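In: Need coordinates for the following:
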Amino acid sequence: RIRQYDAYNTLYDEIKSLLAGHATLSDLKTDSLKERHWKSILQKLNVHVSFSELTIGMLWDNGLLDKKKDVAEVLSVAQGEMAIEIFLNQVRDKWMKEELD
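Out: Reported below is the predicted structural model:
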């Protein structure tokens, strides 16, 4: 019976879209995102607030789901940079321990 009402269908569609965006939102809590990456994401979403004022609602309201591909691209770049950074730190540490004769 409930599934016949427009209110149910509207709410159901809204919940489905929020759940679809949850994966994208949880990806944003990675340590690989530096301030420069966040600036890029916020620029793509047209959000113009400081980080201390940023809320999840602002991300949702400014089309996080619609620009999921752009956000994923920035996230991919950030993860690649983090991998390079880790590798360079390992190389530096190895060479710092080496002694030349």
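In: Please identify the buried residues of the helix ranked longest in the chain?
Out: Counting residues, the longest helix found in the chain (DSSP state H) is helix 68-97. With burial defined by 16 or more other CB atoms under 10 Å, the residues of helix 68-97 counted as buried are 68, 70-71, 74-75, 78-79, 82. All C-beta spots, glycine's among them, are computed from the backbone N, C-alpha and C.
In: which stretches of this structure have low pLDDT?
Out: Residue ranges of the chain with pLDDT under 70: 1-3.
In: Tell me the spacing between the most centrally placed residue in it and residue 38.
Out: For the chain, residue 28 is the residue whose C-alpha lies nearest the centre (CA atoms, centre = their mean; 2.7 Å). As for residue 28, its distance to residue 38 is 9 Å (criterion: CB to CB, to the nearest Å).
In: name the element residue 18 belongs to?
Out: Here residue 18, judged by DSSP states H and E, is contained in helix 6-27.
In: ah, wrong one, I meant residue 99
Out: Using DSSP H and E, no helix or strand contains residue 99.
In: on that earlier part again, could you identify the helix or strand that succeeds the helix holding residue 18?
Out: Next helix or strand after helix 6-27 toward the C-terminus (DSSP H and E): helix 35-44.
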